[in-house]
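>>> need coordinates for the following:
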Amino acid sequence: MTKSWHLDRRTLLRGTGASLALPFLECMGASAPASELPKRFCAMYFPYGASTPPEDHEHRKWGFLPTGEGRDFQLTETLKPLQPLRDHVSFLQGLSHPNGRVMGGHDTADIFLTGAKLKGGDLKNSISLDQMLAQQVDGETRFSSLALSTDGGVGEPTRSSTLSFSRTGQPIPALNSPRVLFDQLFGANSASLADQRRELVNSGSMLDLVLDHAKTVRGSLGSLDQQKFDEYLDSVRQIEQRVERSQEWLTVPKPKVDATGLHLEADDNTPAELIRTMYDLLFLAFQTDSTRVATYQLGNMNGATSIAGKFPQLLSIGKTMHAIAHGAGKPGGFEAQGKWDRFLASQLAYFLDRLASTPEGSGSLLDRTVVFYGSSNSRTHNNNNYPLLLAGGKELGFNGGALHKFDAKTPLSNLFATILHQMGNPAESFSDSKGEMTEVLA
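Got it, this is the predicted structure:
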């Protein structure tokens with residue numbers, strides 16, 4: 001039962017002609033029924049795989065996957081930052097996307113959350129897991145989802161800079177600036193309420209005209225052009241939906257958060273501050289219920305042209321991200337790759353710890369957040385046995401603290417179908433899934 005002092009997360013202080021959004025308080029959700037508390041999902045991706053030395057190699061301690069079996073696993077030097085969170089994390093061995101196995105070694109980031117097949121002249125993707133979940137909660141939060149990456153934008157087919165793809169497989173542009181992301185989430189709009197409303201109404205009116213004219217244009221096109229035209233119209237409809245959602249939230253002030261300690265001016269020349277700040281903002285977005293779905297891509301597969309490619313050099317870990325991946329297996333190569341993997345693991349651990357340390361209901365924010373982290377290569381150019389981990393979600397039925405080893409025939413989409421089910425999505429399957437992955441459930 002909701003107690004008398006329980007407040008909704010979007011409670012406003014109201015006075016004559018004015019309203020003020022409250023900060024996040026313990027009573028906002030701390031005592032609410034579990035059925036009313038948010039269910040969240042986020043996915044993080046890093047390119048080129050991870051350090052995977054053989055079991056008997058002298059540098060096995062720099063491997064990504066733990067040693068041992070089941071709940072008696074031991075974390076490697078690479079994953080030591082996750083030790084305090086051991087009971088919240090499960091490691092998944094042997095999984096991959098079957099469609100990815102027949103694709104080029106650097107082509108699979110695009111399908112990390114879709115499981116689609118991009119091969120030859122057919123580069124049409126499908127909806128990503130995060131967008132399936134975003135459709136489910138659309139309208140309940142200011143942002144149905146957040147797409148973030150170090151490189152920003154969409155990139156190009158098979159070299160995507162975003163993990164998120166719409167229902168027609170179109171890439172959703174990712175944000176890579178902490179300042180821009182902060183302003184979208186929490187910044188004040190300098191325009192008056194009347195001006196903002198007028199701008200949105202005008203945008204909606206123009207879209208109505210475009211969609212009305214589109215019906216006439218489509219009828220004169222051939223079948224192939226009609227398909228491309230429909231994809232374009234879907235993008236327009238998504239803009240229309242965002243306009244409608246913006247109008248609904250226009251009178252709800254954005255949450256007030258303390259920006260002290262946030263490196264909002266961090267960029268690709270300060271990778272540690274950049275990644276840490278993006279994780280901070282993602283945490284704040286979840287804490288304030290500004291969104292419940294997010295993705296964060298930590299580098300794309302564009303080799304030397306990737307903005308994030310120089311991060312290891314700037315951190316004095318080694319050469320470029322791409323060069324480190326290709327050097328694994330050579331003298332000192334596993335250690336260099338392992339140290340880069342450890343840096344990324346330390347950033348993830350920081351984010352998970354913030355979620356785990358924030359109470360919500362009978363548990364924490366992490367207990368109602370499913371975090372999926374990994375790559376679509378085991379090592380560079382090898383699209384099998386992805387390095388993967390799953391964290392959080394205890395209150396959603398997931399059980400951490402184990403190393404799970406799967407048969408190579410098990411599609412990764414089985415996990416995605418399970419996540420959808422546990423998050424309350426009615427979809428019976430996802431992509432090429434063949435069933436649910438009960439091993440990761442309590």
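
>>> going forward, measure contacts and count neighbours with C-alpha atoms only.
Noted.

>>> I figured residue 342 hits residue 78, correct?
Yes. Under the criterion of Cα atoms under 8 Å, residue 342 makes contact with residue 78 at 4.5 Å.

>>> what does the pLDDT read for residue 59?
Looking at residue 59, its pLDDT reads 81.

>>> residue 93 versus that one, what's the distance?
Going from residue 59 to residue 93 by Cα to Cα, to the nearest Å gives 19 Å.

>>> hmm, back to that, ok, residue 342 and residue 78, which is more surrounded?
Using other Cα atoms under 10 Å, the more surrounded residue of residue 342 and residue 78 is residue 78, with 27 against 24.

>>> dump the residue contacts of the more buried one.
When contacts are counted by Cα atoms under 8 Å, 6 or more residues apart in numbering, residue 78 touches 61-64, 338-339, 341-342, 345.

>>> restricted to helices, list those.
The helices, defined by DSSP state H, take in 338-339, 341-342, 345 from those.

>>> so which of the residues you listed is the most crowded?
residue 338 (30 neighbours).

>>> quick one: stretch 221-228 to chain centroid distance?
When C-alpha coordinates are averaged (Cα atoms, centre = their mean, to the nearest Å), stretch 221-228 and its chain have centres 33 Å apart.

>>> now swap in stretch 87-97 and tell me
So, by Cα atoms, centre = their mean, the centroid of stretch 87-97 is 16 Å from its chain's centroid.

>>> identify the residues contacting residue 146.
174, 291, 293-295.

>>> now do the strands in the stretch 251-400 of the chain.
In the stretch 251-400 of the chain, the strands defined using DSSP state E, counting those that start in this stretch lie at 293-297, 359-360, 363-364, 369-374, 388-392.

>>> let me know which of those is tucked in deepest.
Most buried of the strands of the stretch 251-400 of the chain by mean neighbour count (mean count of other Cα atoms under 10 Å) is strand 293-297; its value is a mean of 27.

>>> just checking, what packs against it?
strand 40-45, helix 129-137, strand 146-149 (3 or more Cα pairs under 8 Å, 6 or more residues apart in numbering; DSSP states H and E).

>>> packing partners of the longest one?
Yep, that's helix 129-137 we're talking about. strand 40-45, strand 293-297.

>>> what comes into contact with the longest one?
Outside strand 40-45, the residues that touch it by Cα under 8 Å, 6+ apart are 130, 133, 163, 286, 292-299, 368-375, 423.

>>> in that strand, what's buried?
40-45 (16 or more other Cα atoms under 10 Å).

>>> closest to residue 309 out of the contacts of residue 146?
Using Cα to Cα, residue 174 comes nearest to residue 309 of the contacts of residue 146, at 17.2 Å.

>>> name whatever forms a beta bridge with the closest one.
residue 153 (DSSP bridges).

>>> near it, how many other residues are there?
23.

>>> and stretch 398-412, what's buried?
Of all the residues in stretch 398-412, those buried under the rule 16+ other Cα under 10 Å are 398-404, 406, 410-412.

>>> what residue, apart from its backbone neighbours, is nearest residue 171 spatially?
If the residues on either side of it in the chain are set aside, residue 171 comes closest to residue 165, at 4.5 Å by Cα to Cα, 6 or more residues apart in numbering.
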